[in-house]
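Participant: Prediction below, plus the sequence it came from.
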Amino acid sequence: MAEPMHEVALTVNGVPRGAAVPARRLLSDFLRHDLGLTGTHVGCEHGVCGACTVLLDGEPVRSCLLFAVTVDGAEVTTVEGCRSADGGLGPVQQAFQDCHGLQCGFCTPGFITTVTAYLRENPDPDQEQARDAIGGNLCRCTGYQNIVASVLRAAQLQRGGAG
Amino acid sequence: MTTKLFGEPIPRREDPRLVAGAGRYLDDIDEPGQLAAAFVRSPHAHASIVDIDVTGALEVDGLVAVYTYEDLAGPLAQPLPLLIPHPSLRAARTPYPLAKDRVRHVGEAVAMVVATDRYLAEDAAQRIRVTYQPLPPVVGLDAASKAGHLVHEDVPDNVSAHLVQEVGDAAAAIAAAPHRLHLELHIERSASMPMEGRGVHARWDETDRSLRVYSSTQTSTSLRFALAAKLDLPVDRVEVVTPDVGGGFGVKIVHPWPEEVLVPWAAIRLRRPVKWAEDRREHFISSAHERGQQHSVDVGFDDDGRLLGLSVKFLHDNGAYTPYGIIVPQVTSTQLPGPYRLGAYRVEFHSLYTNTVQVTPYRGAGRPHGVFVMERTMDAIAAALGLDRTVVRERNFIQPEQMPYDQGLIFQDGRPLVYDSGDYPAALRLAKKLVGWDEFTAVREQARAQGRRVGIGIACYVEGTGVGPYEGAYVRVETTGKVVVATGLTTQGQGHETVFAQIAADQLGVPVENVNVVTGDTRRFAFAVGTFASRAAVMSGNAVAAAAGKVRAKALRIAGEALEVDPADLSIVDGVVSVKGTPQAAIPLASVAVLANPLRYAFDEQAKQATQFAVGGGIHRPPVAEDDEPGLAATGYYSPVRSTFANGVHAAVVETDPETAEIRILRYCVVHDCGRLINPRIVQGQVHGGVAQGVGGALYERIVYDEHGQLLNASYMDFLIPYASEVPAIEIDHLQTPSPLNPLGIKGAGEAGVIPGAAVLAAAIEDAEGIPVHRMPICPSELWELRNADHR
Amino acid sequence: MKPPPFVYHRPASVVAALATLAEAGEDGKVLAGGQSLVPLLNMRLTQPGHLVDINRIRELSYVDAGSDAVRVGALTRHAELARHPGVPALLREATGCVAHPAIRNRGTTVGSIVHADPAAELPAVLALLRGSVTLASAAARPGRARPDQEIVRRSVAAADFFLGPLTSAVRPDELAVEAVFPRPAPRSGTAWLELSRRKGDFALCGTGVLVTLDEDRRVTGATGAYTGVGPVPVLVELTEAVAGRPVDAVDWDRAGTLAAGAVAPEDDIHATAAYRRQLVRVLSARAGAAAARMAVADG
């Protein structure tokens, strides 16, 4: 009773990627175990924690609540794709380091993708908006204080402000 | 030593890889031929296993093996170890790796399935039919203490442990006191709930008959010894490596978990790598919980609110098994006195079996409960006497000049509970100032006038940190000038790669970028205890300092010989050893490292300098002196006589909705004293995270079992870890009272933030509402019901 | 927590989807946004043999903001609906309370309604606005083994649609293709309020109130819709508590008391029944007042 396989082709972080997988393969597992992009983490597999958040055609979604086959043909951005053009840390990634916005780092990829998408639409959030922006992601280590600061810092870096 | 880096809030060295998605966590390990494990777990809280029928699973394509208890033999067929025996633990019981005849909680592992991937393993697990004969479950402390039914047939009262400690004659002191109070104070069950569950990956190398195990454990060294014993392997054929770990908070200190022995065992039998990454539902029903305790308090005090006698009896729900002994209730019983002189103190606890998941330490480990009891008692005394709550605390504080202060109790490490240092009155003064305590009466009244309810609370604590027995570290300067630091304890996000590098870099006079720290890898450092009890910075920090200090001394000696100067005249700056005041007389540390290892073979350019015809002189003495070793390297250990005690004060302001009883935290202030700070930014982060868990534990999180022992909220939908929207802004002030016990003067910081959470928020809600709050956590529904009960 | 195996179908048209659903019968399940279904699959709490993925049926992705009603296609995501400029305030506010942005980016409005969680916002909004759901199925002609290429549609009013917790009137061979939210009458106001443990959680109680005024700014009608206090979204007619009074003189607490007496919530681990009733009382009063203010602005 071998399961039928489906060819799934995605553009992940700008690169065409594909694999043949069963229909039930979750996008999170597809990225992690079929494509080897283990930056996307899985914390609850029921859509609450947000660690697995990736950008699907630019919008944040829970990759643990999607079947890879459903999004065949889509563009996906993972934390690995949030680097800057020169290959260094992207502004959101850099901000998380600058502000100590992570501890164990397990939830961090979901925050970074979420914040990346948020700042594209809201380039200059205030403190309260920054807190709201990360309101759907759980972190067990930081108490969110420095993640809020990281959102503000990332906005500043994106605007080109150094200090 | 220089203090260039110690105390600096430098960015974390682990972050570039973690923010880029380049961390390596347990479930990130994938290799060719790897198999996945899944478990059949009991749906019953208490039952006999009548039959296990695996035939349905055999149809699953990709199934490789199914194991039950019947397949286990030798040490593996015995119960898992009792990790911390204690004389009071009169009926310790630990589980078998796979249930033998009987299951004692929902989630207990009954069978292991190994298949080509996790999806298929779950398919097969689902098809295994287990026939159970249900038995009456024991759920909750009331049922456990009544002992109408038993969790273990041979433990007739469900009592695993009973312990009494007494200083003075508490009963007599209370009886003779001018004022007396009795309080019943409860804390409900919760759990560590790291974002990454547990996990283990094992690979057996048939060629050299060795086992490599990756585990998201808080102790790789002890797991290694446990695995060698359970699997009957020589210790030197077993390696345990912790990859990046997604949080621990206590639950990962238990070892070996059933899966931690079964996965390696299967890998050996199947000659293929096997991985098990716990999913969230498994974590809820099979990983340890904590917190559930019921306390009964009698206190006697004088007209000024001074404690004369305190007697606390409490019941601890240890779940179905006791692999971690009595640590949690023991910590409650000994940390309960906090910063106060108690007069006479008697504490007695019973640790009880229930048909629920085992209970082992979660961040705070018994302290939040103890602080809740003590601080609620302080507030009750103040209310009884009409005194300001901070005044009562001030009058009972141990004063700085009374340090070291012996509480007369035996702590969790088996040693006397002696506070080493701390300035409790100063901490309270700072906290009052930070939160605006003295101005709050006006604030409260003004709010009242507007129909709003606001309240303020304050809570003090003392936390024993840095318990022994020891940690060690290895420091080596490479011939590139890079420094390698290895320590055996593990890391789950505390920034050890940064703080231990700061310590080593300071000692050796090298840039911190040149220091590479490895933790939790038995290949790099074999002797260690583990990460728990806010001990890593104290223990490994001082061990790193000790090892690096030895390396420094050796570097100066060798450089002194090379430069023909007295080592005392040398300094190391930016990786170069030079004569003080004569910087041109210098030798790079990298070259010293070359010289430190006399060689026969020139395997690279630098090595030539150390080969036998290159180094001159000294032909009448051995190339390596009798008391020396080759290499610019050293191992150091730190083993303190006893723990060091950090302290702090939290204050919070809350607002409660008069109609909906919603509870909003308006301000949360922290004064924290953990001695000298290695990296203030990291300490601050630890406090933030602890406070968030304290808020979660006070207002949101609880583990709820029904009377049948079914866990009713085994998901993140219903176990309410706060989001950013629920955690208030946190204001922090630090005091730095160095510990006299260790050379660096540091105390632990990891758990502090969580400890007074329940106490301070209960106090603030009580102040806003005017109703006693004696049970935590509390949610709006409960507060509303409390109001109604109060009106009746 | 990996989903069980299923046979995957990805029809490109409604007709094809309906044919597949008809064939699969009880063993089939529609996959739209999946934000409710996939958690259940991951926990193996449901194990359909066939999953009919409608995400390629682009014709089902639309918001038709007409003058009488807003029609929402089966593939329209919450976020798309909330962004649409022609959507009435109540629908936008309630949609904004659905979980978190990442869920709203994928979850569909119609899917949420079909899922029929009594704690969810959109079923209650549909009920309050006296909306309906359009269900399509393939016509079966006597004597033919396979359903025909013809689509049969029926419209089910919200009042008849929600049958119980997670149970709606959709038959296994049917696809909910559209939800219809009628616009409130002129001089109406609405408000949505809810109280959840954490922001984004299913509310302990969600409350929508619709208030209608006459030309003299007297209240002519008021209705409350509630989540979390019954097996289906609960509608309570509040008119008798507030009707006939000038809008500025209405005591909305009376509406709250009426509503609290009309609901029959149950205890669960997050709240007692009595507390939920209290929320119905308080939120009705607050939402009623807010809806009245909006009605005044509208009229």
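Facilitator: That came in fine, so what should we check first?

Participant: list the contacts for A:Gln156?
Facilitator: By Cβ atoms under 8 Å, 6 or more residues apart in numbering or on different chains, the residues touching A:Gln156 are A:Ala95. Every C-beta, even on glycine, is put in place using the N, C-alpha and C of the backbone.

Participant: That one is in what secondary structure piece?
Facilitator: A:Gln156 belongs to helix A:145-158 when elements are defined using DSSP states H and E.

Participant: starting at the chain centroid, how far to that helix?
Facilitator: 16 Å (Cα atoms, centre = their mean, to the nearest Å).

Participant: now stretch C:191-210
Facilitator: 13 Å.

Participant: cool, stretch B:681-700 as well?
Facilitator: Its chain's C-alpha centre and that of stretch B:681-700 lie 14 Å apart, by Cα atoms, centre = their mean.

Participant: Give the rounded mean pLDDT of that stretch.
Facilitator: Taken as a whole, stretch B:681-700 has an average pLDDT of 98.

Participant: Go through chain B and flag its longest helix.
Facilitator: Longest helix of chain B, by residue count under DSSP state H: helix B:536-563.

Participant: Run through who's touching the following helix or strand past that one.
Facilitator: Following helix B:536-563 in sequence order, the next helix or strand is strand B:570-573 (DSSP H and E). The contact list for strand B:570-573, computed with Cβ under 8 Å, 6+ apart, reads B:508-510, B:552, B:555-556, B:559-560, B:563, B:577-580, B:589.

Participant: so what strands line up beside the helix or strand of chain B with the lowest mean pLDDT?
Facilitator: Least confident element among the helices and strands of chain B, by mean pLDDT, DSSP states H and E: strand B:582-588 (a mean of 90). Strand B:582-588 pairs in its sheet with strand B:576-579 (antiparallel), by DSSP bridges.

Participant: can you list contacts of the strand it pairs with?
Facilitator: Contacts to strand B:576-579, defined as Cβ under 8 Å, 6+ apart, come from residues B:509, B:555-556, B:559, B:563, B:565, B:569-572, B:584-589, B:592.

Participant: hmm, 10 Å instead?
Facilitator: B:481, B:509-510, B:552, B:555-556, B:558-560, B:562-563, B:565-567, B:569-572, B:583-592 (Cβ atoms under 10 Å, 6 or more residues apart in numbering or on different chains).

Participant: What mean pLDDT does the regular element (helix or strand) spanning A:Asp132 get?
Facilitator: Using DSSP H and E, A:Asp132 sits in helix A:127-133. Averaged across helix A:127-133, the pLDDT comes to 97.

Participant: can you check stretch B:139-151 too?
Facilitator: Here the average pLDDT along stretch B:139-151 is 97.

Participant: Kindly report the same for stretch A:60-80.
Facilitator: Stretch A:60-80 carries an average pLDDT of 98.

Participant: now the residue lying closest to B:Phe39 once chain neighbours are set aside: how far from B:Pro194?
Facilitator: By the measure of Cβ to Cβ, 6 or more residues apart in numbering or on different chains, the closest residue to B:Phe39 outside its immediate chain neighbours is B:Ala109, 4.7 Å from it. As judged by Cβ to Cβ, to the nearest Å, B:Ala109 and B:Pro194 stand 20 Å apart.

Participant: ok, now C:Asp53?
Facilitator: 34 Å.

Participant: next one: B:Ala365
Facilitator: To B:Pro194, B:Ala365 is 15 Å away according to Cβ to Cβ.

Participant: B:Asp317 reaches B:Phe349, doesn't it?
Facilitator: No. The criterion here is Cβ atoms under 10 Å, and B:Asp317 misses it with B:Phe349 at 11.2 Å.

Participant: how many other residues sit next to the residue of chain A found nearest chain B?
Facilitator: Nearest residue of chain A to chain B (Cβ to the nearest Cβ) works out as A:Gly39 at 2.0 Å. By the criterion of other Cβ atoms under 10 Å in any protein chain shown, A:Gly39 has 25 neighbours.

Participant: how about the residue nearest to it when sequence neighbours are not counted, what does it touch?
Facilitator: Closest residue in space to A:Gly39, ignoring its immediate chain neighbours: B:Gly21 at 2.0 Å, by Cβ to Cβ, 6+ apart. B:Gly21 makes contact with A:13, A:37-41, A:78-83, A:93, A:105, A:108-109, A:112-113, B:28, according to Cβ under 10 Å, 6+ apart.

Participant: What of C:Pro165?
Facilitator: By Cβ under 10 Å, 6+ apart, the residues touching C:Pro165 are C:Ala116, C:Asp117, C:Pro118, C:Ala119, C:Gly230, C:Pro231, C:Val232.

Participant: Does B:Val238 touch B:Ser215 like I think?
Facilitator: No. With contact defined as Cβ under 10 Å, B:Val238 does not reach B:Ser215; the gap is 11.6 Å.

Participant: Of the two, which one has the most company?
Facilitator: B:Ser215 (32 against 22).

Participant: From chain C, how far out is the nearest residue to the more buried one once chain neighbours are set aside?
Facilitator: Nearest residue to B:Ser215 in three dimensions, chain neighbours excluded: B:Val200, at 4.7 Å (Cβ to Cβ, 6+ apart). Distance of B:Val200 to chain C, given as Cβ to the nearest Cβ, to the nearest Å: 18 Å.

Participant: Mind giving me the packing neighbours of the helix or strand containing C:Thr190?
Facilitator: Element membership for C:Thr190 (DSSP H and E) is strand C:188-196. The elements that strand C:188-196 packs onto, with contact taken as 3 or more Cβ pairs under 10 Å, 6 or more residues apart in numbering or on different chains; DSSP states H and E, are helix C:89-96, helix C:121-128, strand C:203-213, strand C:219-227, helix C:273-298.

Participant: what's the angle from that strand to helix C:121-128?
Facilitator: 150 degrees (axes from the mean of the first three to the mean of the last three Cα atoms, to 10 degrees).

Participant: List the strands paired with strand C:188-196, with their directions.
Facilitator: Strand C:188-196 has these strand partners (DSSP bridges): strand C:203-213 (antiparallel).

Participant: so the strand it pairs with versus strand C:219-227, what angle?
Facilitator: Between strand C:203-213 and strand C:219-227, the angle formed by their directions is 160 degrees, by the same axes, to 10 degrees.

Participant: Let me know the angle separating strand C:203-213 from helix C:89-96.
Facilitator: Counting by the same axes, to 10 degrees, strand C:203-213 lies at 170 degrees to helix C:89-96.

Participant: and the longest helix of chain B, which residues are buried?
Facilitator: Residues of helix B:536-563 classed as buried by neighbour count (16 or more other Cβ atoms under 10 Å in any protein chain shown): B:536-552, B:554-556, B:558-560, B:563.

Participant: Likewise for stretch B:743-750?
Facilitator: Neighbour-count burial for stretch B:743-750, counted by 16+ other Cβ under 10 Å, picks out B:Leu744, B:Gly745, B:Ile746, B:Lys747, B:Gly748, B:Ala749, B:Gly750.

Participant: ditto for stretch B:356-374
Facilitator: Using 16+ other Cβ under 10 Å as the test for burial, stretch B:356-374 gives B:356-374.
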